[in-house]
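Chemist: Need coordinates for the following:
(chains A and B)
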Amino acid sequence: MKSTLPALLLAGFILLVLAVASLFVGVSDVSLSSLMSGDAKSLQVLLVSRAPRTAALILAGSSMAIAGMIMQMLARNRFVEPSTIGTVESASLGILAITVLAPGAPVIAKMITASVFAMAGTAIFLRILKFVPLRSVLLVPLVGIMLSGIIGAITTFFAYRLDLLQSLGAWMTGDFSVVLKGRYELLWIAGALGIAAYIAADRFTVAGLGQHFTTNLGLNYRRVMLLGLTIVSLVTASVVVTVGSVPFLGLIIPNVVAMMVGDNMRRSLPWVAILGAGFVLVCDIFGRLIIRPYEMPIGAVMGVIGAFFFLYLLLRRTSRAA
Amino acid sequence: MIAVEKITKTYGSSVVVDGVSITLPKGGVTSIIGPNGAGKSTLLSMVGRFLSADSGTITVGGLDVTKTPSDELAKRLAVLRQDNHLAVRLTVRDLVSFGRYPHSKGRYTVEDERHVNEAIAMLGLSGLADRFLDELSGGQRQRAFVAMVICQDTEYVLLDEPLNNLDIKHAVEIMRLVQQAARRLNKTMVVVLHDINMASTFSDVIVAMKNGQIVASGSPAEIIQPDLLSQIYETEIKVVPVGSRLVAIY
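Modeler: Residues are numbered from 1 along each chain as shown, chains lettered A, B, ... in the order given. Coordinates of the predicted model:
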């Protein structure tokens, strides 16, 4: 395999350009000249809203894409990610539970509760998979979709009974317009977990080879699974708590990267992180521009672009297999 | 030396491995033969610590496989199971490199690199090293898996039906390689085989299993006998000497 480093650096540079663009797109006018002229309002918008929003986009985008990739290794299936197997739904159920039981709880308590629920939901999924023949590639995502449907239904039921449907909708739809300084910092945890995933990259790739290969190479399969489960759940919880669900990302990005450079996570993870962040930035900037001065939530933009993209992936795959 | 003592494994009411005791010598090629459902793969899985036995003990080079830390054992014992189906997209070199994991823990040294290149060359995969496994034929993929366990460079290597998917040329090459690894590098190779004639030609010891038990074990001359084979496989089998070899005809 020839080195992908030059291409990776180029991708990193494009990401940087997108990040700078993201700083200057929005309703209030922030431009280089207004900043230079010492306009206090511009500077404030930049520091309180635009910079945090851009940071949140990069952190959430890269960490959710990484979470998707880890999930695919753990489930040994290309077509799963946290929002299609019940992780996101479980996290929302957790947020609902703490909102009802302890309305005044600090945001970190919300995140911890969401993480615990997310972990439980994902563990149930992995446990069910033990009884599913792994060769049937389509059965695995179907099981995930059913499980997330069930957990989602439970959440909706309680939200309906408790008159919280609207808040639930807000949690479930990814939206970065709510990001302000002081209200997104939990996402740095997700970013740190992305780095942890890079350190453990070889273990996850080995786990993706299956239980026997993992044992043969002297690794404890259950421990690797638990580590992956923890990272996926914490990342999902911190993203859902701060900006809501960002669907499809964990599905599309790892698949694209697998086609480009393969699945050896030591090599592919930086790509997943950069492309994940870049894709979220593009979708968010697009959402800010398309109906300006209003904004379209990123979840909607991503759902549309993501669905088309995913369809393309599937068709491409089948035509190649045929 | 691999010592198996009174190992039993049951699934529900069916006994898959039934109180097996056997000692496999250190060094040389040992083949395990027997009909489907004889318990060969199950026994191999227990030696490889993939499965825990209901009772009995297994030691590999004096180390109890259930009590020795797995990462220690991974430097002494490599196991390749049959039917390896990968969902991940890796290159041949990626896969073979993971064979070094027990030694390097992910920090590849020049020494690891050398092992990887040797293993790739040994299995005739040099031209395919940077290809993805999903772009290869079944036989090429099988050779890549064998390269991975060779690269692990352990004293003991267990291969479960490594000749699956291989044509005659590559099957013979793999068996020669197994024999060389035993002769030159003094490794202990244990191979589950379906082809009796491969076992007859390349083994130092043959172990015959049936119904979860060991029916016979010994040199090829002792095991490749018409009566014994006919009884094990429930098929009439004749044995004809060809040169220095015994060939089973069925």
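Chemist: right, is stretch B:176-189 up against chain A?
Modeler: No. Stretch B:176-189 does not reach chain A (C-beta under 8 Å from any C-beta of the partner chain); its nearest approach is 15.6 Å. From N, CA and C alone the C-beta is placed, and that goes for glycine too.
Chemist: need the residues of chain B near chain A, please.
Modeler: Going by C-beta under 8 Å from any C-beta, the residues of chain B near chain A are B:48-50, B:69-75, B:78-81, B:84-91, B:93-94, B:98-99, B:101-102, B:105-106, B:130, B:132, B:149, B:152.
Chemist: Sitting in strands, which of the residues you listed do you find?
Modeler: Applying DSSP state E to the residues of chain B next to chain A, the entries found in strands are B:A78, B:V79, B:L80.
Chemist: Packing partners of the longest helix belonging to chain B?
Modeler: In chain B, with assignment by DSSP state H, the single longest helix is helix B:168-184. Packing contacts for helix B:168-184, counted by 3 or more C-beta pairs under 8 Å, 6 or more residues apart in numbering or on different chains; DSSP states H and E, involve strand B:28-33, helix B:138-151, strand B:156-160, strand B:188-192, helix B:196-202.
Chemist: Sheet partners, orientation included, of the helix or strand that the last one is followed by?
Modeler: Think helix B:196-202. For helix B:196-202, the following helix or strand on the C-terminal side (DSSP states H and E) is strand B:205-210. Strand pairing for strand B:205-210, determined by DSSP bridges: strand B:28-33 (parallel), strand B:213-218 (antiparallel).
Chemist: Most tightly packed of those strands?
Modeler: Ranked by mean neighbour count under mean count of other C-beta atoms under 10 Å in any protein chain shown, the strands paired with strand B:205-210 are led by strand B:28-33, which reaches a mean of 24.
Chemist: just the angle between that one and strand B:188-192, please?
Modeler: With axes from the mean of the first three to the mean of the last three C-alpha atoms, to 10 degrees defining the directions, strand B:28-33 sits at 20 degrees from strand B:188-192.
Chemist: picking that back up, of the ones in strands among the residues of chain B next to chain A, buried ones?
Modeler: The neighbour count (16 or more other C-beta atoms under 10 Å in any protein chain shown) marks B:A78, B:V79, B:L80 as buried among those.
Chemist: circling back to that earlier point, what about dumping the CA coordinates of the longest helix of chain B to CSV?
Modeler: Only the C-alpha atoms of helix B:168-184 are listed here, as CSV (Å, rounded to 0.1, in the frame of the first residue of the first chain):
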residue,chain,number,x,y,z
ILE,B,168,-3.5,-29.6,-6.0
LYS,B,169,-0.5,-27.4,-6.6
HIS,B,170,-1.1,-25.1,-3.7
ALA,B,171,-2.3,-27.9,-1.4
VAL,B,172,1.0,-29.7,-2.0
GLU,B,173,2.9,-26.5,-1.5
ILE,B,174,1.2,-25.9,1.8
MET,B,175,2.0,-29.4,3.0
ARG,B,176,5.6,-29.0,1.9
LEU,B,177,5.8,-25.8,3.8
VAL,B,178,4.3,-27.5,6.9
GLN,B,179,6.9,-30.2,6.6
GLN,B,180,9.7,-27.7,6.2
ALA,B,181,8.6,-25.7,9.1
ALA,B,182,8.8,-28.9,11.2
ARG,B,183,12.1,-30.1,9.8
ARG,B,184,14.1,-26.9,9.4
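Chemist: list the buried ones in that helix?
Modeler: Those would be B:H170, B:A171, B:E173, B:I174, B:M175, B:L177, B:V178, B:Q179, B:A181, B:A182, for helix B:168-184 by 16+ other C-beta under 10 Å.
Chemist: Report pLDDT for the closest residue to chain B within the stretch 151-300 of chain A.
Modeler: Residue nearest to chain B within the stretch 151-300 of chain A (C-beta to the nearest C-beta): A:G218, separated by 2.9 Å. Note for A:G218: predicted pLDDT of 93.
Chemist: Give me the most central residue, chain B.
Modeler: The centre of chain B sits closest to B:L159, judged by C-alpha atoms, centre = their mean, with a distance of 1.7 Å.
Chemist: right, and A:A207 touches A:R223 too?
Modeler: No. Contact criterion C-beta atoms under 8 Å: A:A207 and A:R223 do not qualify, at 9.8 Å.
Chemist: how near is A:P247 to A:M302?
Modeler: 6 Å (C-beta to C-beta, to the nearest Å).
Chemist: got a list of what the residue in chain B positioned nearest to chain A touches?
Modeler: Residue nearest to chain A within chain B (C-beta to the nearest C-beta): B:A74, separated by 2.9 Å. B:A74 is in contact with A:N216, A:L217, A:G218, B:Y101, B:P102, B:Q152, B:T154, counting by C-beta atoms under 8 Å, 6 or more residues apart in numbering or on different chains.
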